[in-house]
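A.B. asks: the sequence and its predicted three-dimensional model are supplied below.
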Amino acid sequence: MNTPNPILYMAPIQGITNSVYRNIFSQFFNGLDLAVAPFISTSQGKKISRSYIKDVLPENNTGMPVIPQLMSNQGDDFINLAVRLFDLGYDTVNWNLGCPFPMVAKKKRGSGLLPYPERIDSFLSHVIPRIPGQLSIKCRLGRNQDDEIFRLIPVFNQYPLKEVMIHPRTGIQMYEGPVNLDRFEMCLEHIEHPIVYNGDIRCLDDFLVLSNRLKKVDRWMIGRGMLINPFLPEILKKKEDSITGKLKKIKEFHDSLLEQNKAYMSGPAHVLDKMKGFWYYLSQAFQNPDLIFKKIKKTKSIDKFEKIILDFFQDEAVLLI
Ligand SMILES: Cc1cc2nc3c(=O)[nH]c(=O)nc-3n(C[C@H](O)[C@H](O)[C@H](O)COP(=O)(O)O)c2cc1C
């Protein structure tokens, strides 16, 4: 038996799954239930401007429910930002304990906090009674070792967390190498909160294998697989791929994203950068992905970029998804 009604989360991907992407995604594609927004770092000082939290302002998020994510190791800064977000109407915020980048981790943020259960404990004991809403956590199995999580589970179990999202790699693995499903299953057994599985769901077969094995899981988060194949959430929900007219839909999605980015971002260089990040993943949906991605990467002007895309969709694009 596979999960009858999986709940599907859009993973936060900093630089890509911002509010523009989330809104347009929900206009073109089906299957996602909610999104976790890419992290916002907390900062010292009281006043948090609207522009700082622009990505999660409710008026910029009309497409699907969103959980804002915070990156912090300072309880009071976290509370300050979280309260601002709860005031906007959010009922849950997410704490990032997974970011693997050394620059972040060496400051004991993201996955850099995972080897310190006592610090996580004191953070949670300080923050949870002082926020007017719920907290969820997104984490990995550890920073350096995949058993670090076992010292964290008793800490997590002491607090009323909304859910724990687990990407079953270590921080030092970054995003490569095998996910550790044995360890994930042990987490399932011992964590007394709802658990969201996250990692390497790239096609229906991946999902069927995982959901057959992890029978207790009904919440699934999808990142890169969805950036490459935006039809994936719908396919997972229906447990079949009966979608037609994919190429046309992807082209329309792309054009809409480009237009919105032009309207939303300051200057063509930023728009081009944003579209390059998007194409890093989307190119993998096509035959000869390197060919098109190299062309896009080299482009220095938006006009040239648009011409490349037009030619590509007219003459070359062959979808593999
Ligand atoms: C470029 C990039 C940016 C990411 N940004 C975030 C982020 O802001 N917050 C977060 O919790 N995870 C972030 N992640 C991790 C993803 O949310 C997800 O956990 C990871 O990609 C594994 O899932 P996947 O195999 O479905 O992609 C990022 C991953 C990538 C590749």
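C.D. replies: Sure thing, it's come through.

A.B. asks: residue 277 is in contact with residue 293, correct?
C.D. replies: No. Contact criterion Cβ atoms under 8 Å: residue 293 and residue 277 do not qualify, at 11.1 Å. Just so you know, the C-beta spots here come from the backbone N, C-alpha and C atoms, and that holds for glycine as well.

A.B. asks: quote the end-to-end distance of stretch 172-190.
C.D. replies: 24 Å (Cα to Cα, to the nearest Å).

A.B. asks: for stretch 30-37, same thing?
C.D. replies: Per Cα to Cα, the first residue of stretch 30-37 is 18 Å away from its last.

A.B. asks: now do it: distance to the chain's middle.
C.D. replies: Distance, stretch centre to chain centre, for stretch 30-37: 9 Å (Cα atoms, centre = their mean, to the nearest Å).

A.B. asks: more crowded one of residue 293 and residue 277?
C.D. replies: residue 293 (18 against 15; other Cβ atoms under 10 Å).

A.B. asks: for the more buried one, give its distance to residue 310.
C.D. replies: Using Cβ to Cβ, to the nearest Å, residue 293 is found at 16 Å from residue 310.

A.B. asks: got it, and residue 226?
C.D. replies: 25 Å.

A.B. asks: so which of the two has more stuff around it?
C.D. replies: The residue with more neighbours, out of residue 226 and residue 310, is residue 226; 26 against 12, by other Cβ under 10 Å.

A.B. asks: who touches that one in this structure?
C.D. replies: By Cβ atoms under 8 Å, 6 or more residues apart in numbering, residue 226 lies in contact with 10, 11, 32, 232, 233.

A.B. asks: what of residue 143?
C.D. replies: 105, 111, 112, 113, 114, 115, 170, 171, 172.

A.B. asks: enumerate the residues of the protein near the ligand.
C.D. replies: Applying Cβ under 6 Å from any ligand atom, we find that the chain lies next to the ligand at 11-14, 38-39, 69, 96, 98, 138, 167, 175, 198-201, 222-225.

A.B. asks: weed out the non-buried ones from those residues.
C.D. replies: Buried members of the residues of the chain next to the ligand, scored by 16 or more other Cβ atoms under 10 Å, are 11-13, 38-39, 69, 96, 98, 138, 167, 198-201, 222-225.

A.B. asks: whichever strand or helix holds residue 93 pairs with which strands?
C.D. replies: Assigned by DSSP states H and E, residue 93 falls within strand 92-97. Applying DSSP bridges to the sheet, strand 92-97 is found paired with strand 66-71 (parallel), strand 134-142 (parallel).

A.B. asks: contacts for that strand, please.
C.D. replies: 36, 39, 67-72, 78, 82, 85-86, 109-111, 113-114, 120, 131, 133-140, 162, 165.

A.B. asks: continuing past it, what's the next helix or strand?
C.D. replies: Immediately after strand 92-97, counting by DSSP H and E, sits helix 102-105.

A.B. asks: who's in contact with stretch 300-307?
C.D. replies: Outside stretch 300-307, the residues that touch it by Cβ under 8 Å, 6+ apart are 258, 262, 268, 271, 272, 275, 296, 299.

A.B. asks: CA atoms only: put it into PDB for me.
C.D. replies: Output of stretch 300-307 as PDB, limited to C-alpha atoms (Å, rounded to 0.1, in the frame of the first residue of the first chain):
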ATOM      1  CA  LYS A 300      25.300  38.600 -21.100                       C
ATOM      2  CA  SER A 301      22.100  40.400 -22.200                       C
ATOM      3  CA  ILE A 302      18.400  39.700 -21.700                       C
ATOM      4  CA  ASP A 303      17.700  40.200 -25.400                       C
ATOM      5  CA  LYS A 304      20.100  37.500 -26.400                       C
ATOM      6  CA  PHE A 305      18.800  35.300 -23.700                       C
ATOM      7  CA  GLU A 306      15.300  35.700 -25.000                       C
ATOM      8  CA  LYS A 307      16.400  34.900 -28.500                       C
END
